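> Below are the sequence and a predicted model for it; my questions follow.
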Amino acid sequence: MSDKIIVFDTTLRDGEQVPGCQLNTVEKIEVAKALETLGVDVIEAGFPISSPGDFHSVVEISKAVSNPVICGLTRAIEKDIEVAAEALQYAKKKRIHTGIGTSPYHIKYKLNSTPDKILEQAVAAVKYAKKFVEDVEFYAEDAGRSDNAYLAKVVEAVIAAGATVVNIPDTTGYCLPHEFGEKIRYLMENVPNVHKATISTHCHNDLGMATANTIEGVLNGARQVEVTINGIGERAGNTSLEEVVMILKNHKDLPFYTDINTKQIFKTSRLVSSLMNMPVQPNKAIVGRNAFAHSSGIHQDGVLKNRENYEIINPKDVGIKESSFELTARSGRAALKYRLKNLGYSFAKKEIDKIYEKFLALADKKKDVKDDDLRALIGKASRKDHKVKLELLQVICGKSAVPMATVRLNINGEEHAATASGNGPIDAAFTAVKQIIKRKVYLEEFLIQAITRGSDDLGKVHVQIENRGKLYYGFSASTDIITGAVEAFVDAISKII
Ligand code: KIV
Ligand code: ZN
């Protein structure tokens with residue numbers, strides 16, 4: 001029998017505390033609806049007393065979303081609780097999340113109080129929240145650095161006061177995984193009424209251990225995890241939803257499950273990233289651009305033989321269509337052939353060898369080779385059978401110079417050359433080509449495009465010419481756009497001849 005792990009998403013409260021990531025109410029509703037589709041159990045929609053905007057957002061999210069519990073954060077202060085209750089009035093399922101600091105730092109330096117007074121205030125806050133809602137969650141802020149025996153006393157008292165969930169936050173991200181796990185186990189074993197409530201984790205990532213700590217918490221008895229999409233949150237962030245959910249899904253040896261529709265993960269990640277202006281780091285687990293991208297030849301070959309050689313997660317499970325193969329100078333023939341096949345081309349081994357040589361020469365110049373680059377390479381490879389070949393192109397151009405071009409073509413094995421002037425080097429070269437072939441051709445279309453952005457990039461050239469009422473198409477790509485233009489023109493001409 002496996003246990004359900006409740007997913008409590010705090011992207012719109014703890015996540016939204018990141019400077020520069022604030023959302024307006026319309027955007028928050030969009031995220032809340034996406035979280036509902038994702039299947040989270042609880043949405044912490046905001047901290048209603050903190051601002052009129054937050055209050056309004058909690059009200060509107062409560063109206064817009066119906067499946068998850070909507071939760072509002074408060075301090076252990078009556079006014080906060082009243083305002084949260086008012087903001088949650090339209091929620092179908094509502095929860096007040098109240099709490100106070102329990103570590104020596106918080107008790108002494110933040111709250112200037114004593115452990116006994118804090119305990120009283122905690123109990124009073126839970127009792128007060130219970131007057132408004134049935135579902136009350138209590139957080140023991142900085143529980144990670146709180147004394148376990150004192151924490152156990154607080155947890156027991158707030159459960160007796162009616163708390164349905166008790167949150168044990170590692171607010172500063174300080175705990176080691178085994179330490180956090182032991183803390184949860186200590187509470188499970190030393191709080192007599194612990195089974196009347198759900199114990200929750202809420203881990204921060206200051207030392208990069210938020211996910212590990214959350215999992216340790218679950219292994220030791222916690223049944224709710226507080227997480228954010230992409231792990232966003234103040235400082236180094238919160239525990240990332242996608243990491244925890246995919247660990248629980250992938251480790252079949254663990255007796256846990258969540259109700260998350262994992263196929264929605266990637267979409268939700270990108271929605272949050274773009275609305276919050278928070279790019280996802282490329283190597284971020286599960287949702288980073290490179291999470292399913294293979295670039296070394298050995299890995300690409302391994303994945304093509306069997307995906308599981310180098311992937312423990314099926315990209316489809318998180319809503320990513322397929323693994324990608326970055327074509328770089330380290331890629332092998334297998335990846336090149338696979339990518340060409342996806343583009344609709346199949347070549348015999350000998351041809352692949354030739355394309356591969358050209359690919360390597362290009363990959364040495366460019367960091368990664370895109371689909372358009374490959375199309376261009378294939379264009380060159382297929383040009384080898386043409387009866388007309390451009391053997392030489394020389395141009396004179398520049399400010400105050402008269403543009404001139406000398407062209408030498410090989411037509412059916414014979415060399416022909418011409419020199420012409422024009423209103424630019426391309427016009428001059430086209431005129432020279434026309435002088436050699438002695439046919440009337442009209443340029444119908446001529447398009448030059450940079451494939452990507454760098455000045456070292458390939459330029460793509462598409463040419464359409466007309467001869468005796470028929471249209472002929474030519475294509476080329478080159479880092480030298482004048483050569484590319486003339487090659488595309490000659491490519492079209494060779495189809496006439
Ligand atoms: O990190 C934390 O302790 C919190 C509480 C307010 C739940 O975010
Ligand atoms: Zn937090």
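Alright, I've got the coordinates. A quick note: this is a predicted structure, and the numbers were derived from the prediction, not measured. Ligands and ions are numbered 1, 2, ... in the order given.
> Report the contact partners of Ala417.
392, 406-409, 436 (CB atoms under 8 Å, 6 or more residues apart in numbering). Placement of C-beta: from N, CA and C, glycine included.
> near ligand 1 at all, stretch 44-56?
No: using CB under 6 Å from any ligand atom, stretch 44-56 never reaches ligand 1; the gap is at least 8.4 Å.
> would you turn the contacts of Ala417 into JSON lines with secondary structure and pLDDT?
Shown next, in JSON lines, are those (DSSP: H, G, I helix; E, B strand; the rest coil; pLDDT from 0 to 100):
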{"residue": "Leu392", "secondary structure": "strand", "pLDDT": "96"}
{"residue": "Thr406", "secondary structure": "strand", "pLDDT": "97"}
{"residue": "Val407", "secondary structure": "strand", "pLDDT": "96"}
{"residue": "Arg408", "secondary structure": "strand", "pLDDT": "97"}
{"residue": "Leu409", "secondary structure": "strand", "pLDDT": "95"}
{"residue": "Ile436", "secondary structure": "helix", "pLDDT": "95"}
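> out of these, which is most surrounded?
Most neighbours among the contacts of Ala417, by other CB atoms under 10 Å: Val407, with 27 neighbours.
> Nearest spatial neighbour of it, chain-adjacent residues omitted?
Of all residues beyond its chain neighbours, the one nearest Val407 is Ala432 (4.1 Å), with distances taken as CB to CB, 6 or more residues apart in numbering.
> Roughly how far does Ile184 sit from ligand 1?
Ile184 is 15 Å from ligand 1, where distance means CB to the nearest ligand atom, to the nearest Å.
> Sorry, slip of the keys, the one I care about is Ser494.
Taking CB to the nearest ligand atom, one finds Ser494 at 69 Å from ligand 1.
> For that residue, list the residues it contacts.
Contacts of Ser494 by CB under 8 Å, 6+ apart are 383, 386-389.
> any idea which helix or strand carries it?
Assigned by DSSP states H and E, Ser494 falls within helix 481-496.
> Could you give the average pLDDT over that helix?
In this model, helix 481-496 has an average pLDDT of 89.
> buried set for it?
Within helix 481-496, the residues that qualify as buried are 481-495, counting by 16 or more other CB atoms under 10 Å.
> How far off centre is that helix?
Relative to its parent chain, helix 481-496 has a centroid offset of 41 Å by CA atoms, centre = their mean, to the nearest Å.
> And for stretch 409-416?
The chain centroid and the centroid of stretch 409-416 are separated by 53 Å, computed with CA atoms, centre = their mean.
> just stretch 7-17 next, same as before
18 Å.
> got it, and stretch 150-159?
40 Å.
> Now do it: everything it contacts.
Contacts to stretch 150-159, defined as CB under 8 Å, 6+ apart, come from residues 102, 115, 118-119, 122-123, 126, 138, 140, 143, 166, 168, 183, 186-187, 190-194, 196-197.
> Please pick the buried ones from the residues you listed.
Buried by 16+ other CB under 10 Å: 102, 115, 118-119, 122-123, 126, 138, 140, 143, 166, 168, 183, 186-187, 191, 194, 197, out of the contacts of stretch 150-159.
> I'd like to know which of those residues are part of strands.
Applying DSSP state E to these, the entries found in strands are 138, 140, 166, 168.
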